[in-house]
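any chance you can model this:
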Amino acid sequence: YIVIMLLASLWCTQTIEAADAIIAYNGDTVPTASNNETLKIRIWNSTNGGSLGNEVELGDTGATIRQVVVKNSPYRQKTIAVTQGFDGNLTGFVCTSNCGSAGSWTMSPAIGNNSVWLGATGAQRRFDIAFETATGDALIVFTIVNTSVTCDLAAVILPDSSNSFVGIDPYCINSEMNETANPSYTW
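Residues are numbered from 1 along each chain as shown. Okay, here's the model as predicted:
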């Protein structure tokens with residue numbers, strides 16, 4: 001009876017492979033209730049049983065960070081972190097190698113030169129990121145504050161060959177379901 005139970009449990013065993021990961025969060029060296037503008041990361045290295053790397057401070061976004069999304073390119077080694085600040089601005093951070101070092105990240109403030117809201121409303125995330133799988137280009141889509149009824153969302157495309165969002169103008173996306181200025185799309 002014991003042998004049968006042992007074999008049954010061996011047949012049901014699953015192997016789960018470890019993978020590296022990144023943790024992103026806000027915080028200052030001296031935290032205060034109103035000053036969490038600095039993006040920090042820690043990298044999980046899965047080799048030899050796994051270990052969590054040291055905290056790395058990437059940069060001050062200029063506003064309290066309300067949301068952060070981190071994505072990895074399926075095309076090549078490239079990681080993008082985008083924050084949404086209390087002021088409604090998006091800040092991008094891009095790394096292609098040695099991401100455990102702050103100097104390896106390129107910071108781009110005010111992605112798209114537009115705010116995602118007129119005033120902070122709760123913890124709503126008003127943007128998302130995706131990588132195009134054939135080219136490695138990154139796409140950020142976000143709510144845009146403007147007076148146009150034909151520009152409800154904006155999109156910024158970061159070419160695979162670039163690490164900076166600076167100077168990239170957003171494309172307008174018209175949602176024909178919404179014909180009012182300043183819609184409030186959330187993810």
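
can you tell me the element the most centrally placed residue in the chain falls in?
Per CA atoms, centre = their mean, the C-alpha nearest to the average position across the chain is that of V69, at 2.4 Å. Under the criterion of DSSP states H and E, V69 resides in strand 65-72.

name the residues that touch that strand?
Residues outside strand 65-72 that contact it (CB atoms under 8 Å, 6 or more residues apart in numbering) are 22, 24-26, 36-39, 78-86, 120, 123, 125, 127-131, 138. The C-beta positions use only the backbone N, C-alpha and C, and glycine is treated the same way.

among those residues, which ones are buried?
When the contacts of strand 65-72 are checked for burial by 16 or more other CB atoms under 10 Å, the buried set is 22, 24, 26, 36-39, 78-86, 120, 127, 129, 131, 138.

just the ones of those in helices?
Secondary structure assignment by DSSP state H places none of the buried ones among the contacts of strand 65-72 in helices.

tally of neighbours for G88?
Look at G88: counted by other CB atoms under 10 Å, it has 20 neighbours.

same check, this time on S164
Neighbours of S164 under the rule other CB under 10 Å: 12.

quick one, what contacts it?
Neighbours of S164 in contact, by CB under 8 Å, 6+ apart: G92, V94, T106, S108.

contacting residues for the closest residue to the first one other than its chain neighbours?
Going back to what we said before, that points to G92. The shortest distance from G92 to any non-neighbouring residue, by CB to CB, 6 or more residues apart in numbering, is to S108 (4.2 Å). By CB under 8 Å, 6+ apart, the contact set of S108 is T91, G92, F93, V94, S164, F165, V166.

can you do 7 Å?
For S108, the contact set (CB atoms under 7 Å, 6 or more residues apart in numbering) comprises T91, G92, S164, F165, V166.

just the ones of the residues you listed in strands?
Counting by DSSP state E, the contacts of S108 place T91, G92 in strands.

ok, for D20, nearest residue in space, not its chain neighbours?
Leaving aside its sequence neighbours, D20 sits nearest to S46 (CB to CB, 6+ apart; 5.3 Å).

and Q84, by the same measure?
Q67 (4.1 Å).

ok, that neighbour to N48 distance?
Applying CB to CB, to the nearest Å, the value for Q67 to N48 is 33 Å.

neighbour count: the two, which is higher?
Q67 (17 against 7).

right, and C151 touches P170 too?
No. Look at C151 against P170 with CB atoms under 7 Å: they stay out of range, at 8.9 Å.

now do the shared contacts for those two.
In contact with both C151 and P170: I144, using CB under 7 Å, 6+ apart.

which residue ranges of this protein form helices?
All helices of the chain, identified by DSSP H, fall at 2-11.

E37 reaches D60, doesn't it?
Yes. With contact taken as CB under 7 Å, E37 and D60 are classed as touching, separated by 5.0 Å.
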